[in-house]
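# compute the structure for the input listed below.
(one chain, ligands or ions: 1)
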Amino acid sequence: MRRPIIAGNWKMHKTIAEAVQLAEALKGQPGELRAEIVLCPPFTALAAVAAIIKDSPIALGAQNMHWEEQGAFTGEISPNMLKDAGCAYVILGHSERRQYFGETDELVNRKAKAALAHDLTPIVCVGETLVQREAGETEAIVATQTRGALAGLTPEAVASLVIAYEPVWAIGTGKTASDDDAQQVIAFIRATVAAEFGNAAAAAVRIQYGGSVKAANAASLLSRPDIDGALVGGASLKAADFQGIIDGAR
Ligand SMILES: O=C(CO)COP(=O)(O)O
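You can find the predicted model right below:
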């Protein structure tokens, strides 16, 4: 049984004080959680958020990572630095990194291998642009991105990680993929994993949907058989909004 995973990608938002306030508010929420919850603040707030959630079931994730352990890579953060700050997860290959910082599947693959080698669970993002969707290329794009990002991994490693299907046209636009569309593409990604890594890896790998997820649409997206959670941007920045999404997974 795959446990749903709901991650908040705070992107380039929140000072340390603001991050602490949000983490405190979420930590205080009572109740049994069916889903695993991950907070992904900016690098500057990782350690502060780690201190707040350390005795809670909430896990910490980063939004990006370099693949080397150390060295002359000005401005970069390494996998062991993320571990040191308390991270269990790292988002890799987000479409914003691909679009604005030139990240390729090959680079995402290198980062995924480094993350796994350091006991960090990658959340590998894939997804098509609007132009690609309208050209009927959705499946070709997500298959290429999935194969490229996971190339060379063992089936066991693939089983342990998380894939986030985030159609680029749905990110920050208020346009969510329909439940049917999201389910269909995620089932296709799972079939791609099965073809490359076998049925056991495909049955175990968790695949999230991301793109304008909010409390109002989370429960029905999460009720679909192949959708194993959500990667949430805007609606993860306010405790009440994110809590509403978490409630959708109860
Ligand atoms: O990019 C996203 C999460 O990684 C989605 O962002 P929004 O939820 O703001 O659309």
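# CA atoms for contacts and neighbours, from now on please.
Will do.
# ok, what's across the strand from the residue most central in space within the chain?
With distances taken as C-alpha atoms, centre = their mean, the residue of the chain nearest its centroid is residue 123 (4.1 Å). For residue 123, the beta-bridge partners are residue 91, residue 162 (DSSP bridges).
# which strands and helices lie in contact with the helix or strand containing residue 181?
Element membership of residue 181 [criterion: DSSP states H and E] is helix 179-197. Applying 3 or more C-alpha pairs under 8 Å, 6 or more residues apart in numbering; DSSP states H and E, we find helix 179-197 packed against helix 138-150, helix 199-204, strand 206-210, helix 215-222.
# including mean neighbour count and distance to the ligand, could the ones you listed go into a markdown table?
Output for these, formatted as a markdown table (neighbours: other C-alpha atoms under 10 Å; distance: least, C-alpha to the nearest ligand atom, whole Å):
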| stretch | mean neighbour count | distance to the ligand |
| --- | --- | --- |
| helix 138-150 | 20 | 16 |
| helix 199-204 | 18 | 22 |
| strand 206-210 | 28 | 5 |
| helix 215-222 | 19 | 11 |
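# out of everything not next to it in sequence, what's closest to residue 58?
residue 37 (5.1 Å; C-alpha to C-alpha, 6 or more residues apart in numbering).
# pull the number of nearby residues for that neighbour.
By the measure other C-alpha atoms under 10 Å, the count of residues near residue 37 is 19.
# show me what the helix or strand containing it is packed against.
Assigned by DSSP H and E, residue 37 belongs to strand 36-40. Under the contact criterion of 3+ C-alpha pairs under 8 Å, 6+ apart, strand 36-40 touches strand 5-9, strand 59-62.
# what's the following helix or strand after it?
helix 46-53.
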